[in-house]
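# Okay, predicted coordinates and the sequence, questions at the end:
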Amino acid sequence: MEFEQILRSQGYRLTNQRRVIVRELEGERHLSAEEIYDRVKGEHPELGLSTVYRTLDLLHELGIVRKEDFGEGYSRYELSTERMHHHAHCRECGVVMEFNEELMEYLRLQVERETGFVTDWHEITLHGRCAECARANPS
Ligand SMILES: [Zn+2]
Ligand SMILES: [Zn+2]
C-alpha cells in the first residue's frame, strides 16, 4: 500500500476514513467529494461530507490524489498512481472519458522544444459533448 507509506512518512496515520476514501477511488475514477460521500455514507455513517472534503484536501496535498476541474463548479478526484492519461468531459451528461493520445505527447515535446519549458505534469481536457449527446441533440 503505497499511499499508506506516503501518509506515514508525512506523519499521518492511515485512519479508517482515509482508507475508505482511497478505496472508493480505487474502484472508480473522477469522483466528486459528494459522489464519494453518497457511496460511503450507507456503510460509514460516521463519515460526514465535510470530513470527505477535508480528507480529499489532505490526500491532494500529499500528492496521493489528483484534483481535476472540468468546469462544473466542483472538483473531481482520482488517485495519482493512475497512469498518465487525458480527459474528455461531456458538458451535457457529465461523462468523463479517458484517452492516452500520442499526439498530446508530441504536442508537449513540441512546446518544450520551442519554449524551453520543463513539464512536471500535463493533463489535457477536451470540453464538449460525447457522441451520444451530440447525436441526441445536434446543433
Ligand atoms: Zn454526454
Ligand atoms: Zn482520469
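All right, it came through fine. Ligands and ions are numbered 1, 2, ... in the order given.

# where along this structure do the strands fall?
With DSSP state E, the ranges of strands along the chain come out as 31-32, 65-69, 75-79, 86-90, 96-99, 125-128.

# Tabulate those (a markdown table), appending mean neighbour count and mean pLDDT.
Heads up, the C-betas are built off the backbone N, CA and C, glycines and all. Output for those, formatted as a markdown table (neighbours: other C-beta atoms under 10 Å; pLDDT from 0 to 100):
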| stretch | mean neighbour count | mean pLDDT |
| --- | --- | --- |
| strand 31-32 | 20 | 96 |
| strand 65-69 | 18 | 92 |
| strand 75-79 | 20 | 94 |
| strand 86-90 | 19 | 93 |
| strand 96-99 | 14 | 90 |
| strand 125-128 | 12 | 92 |
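
# how about those strands in TSV, adding distance to ligand 2?
Formatted as TSV, the strands of the chain follow (distance: least, C-beta to the ion, whole Å):
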stretch	distance to ligand 2
strand 31-32	10
strand 65-69	7
strand 75-79	5
strand 86-90	5
strand 96-99	5
strand 125-128	9
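
# To residue 49, which of these lies closest?
strand 31-32 (10.9 Å; C-beta to C-beta).

# What strands flank the closest one, and is each parallel or antiparallel?
Strand 31-32 has the following sheet partners, assigned by DSSP bridges: strand 75-79 (antiparallel).

# List of residues touching the partner strand?
3, 22, 25-26, 29-33, 36, 56, 59-60, 64-70, 96 (C-beta atoms under 8 Å, 6 or more residues apart in numbering).

# Run a quick neighbour tally on the residue nearest to residue 14 when sequence neighbours are not counted.
Closest residue to residue 14 apart from its sequence neighbours, by C-beta to C-beta, 6 or more residues apart in numbering: residue 4 at 4.7 Å. Residues within reach of residue 4, counting by other C-beta atoms under 10 Å, total 15.
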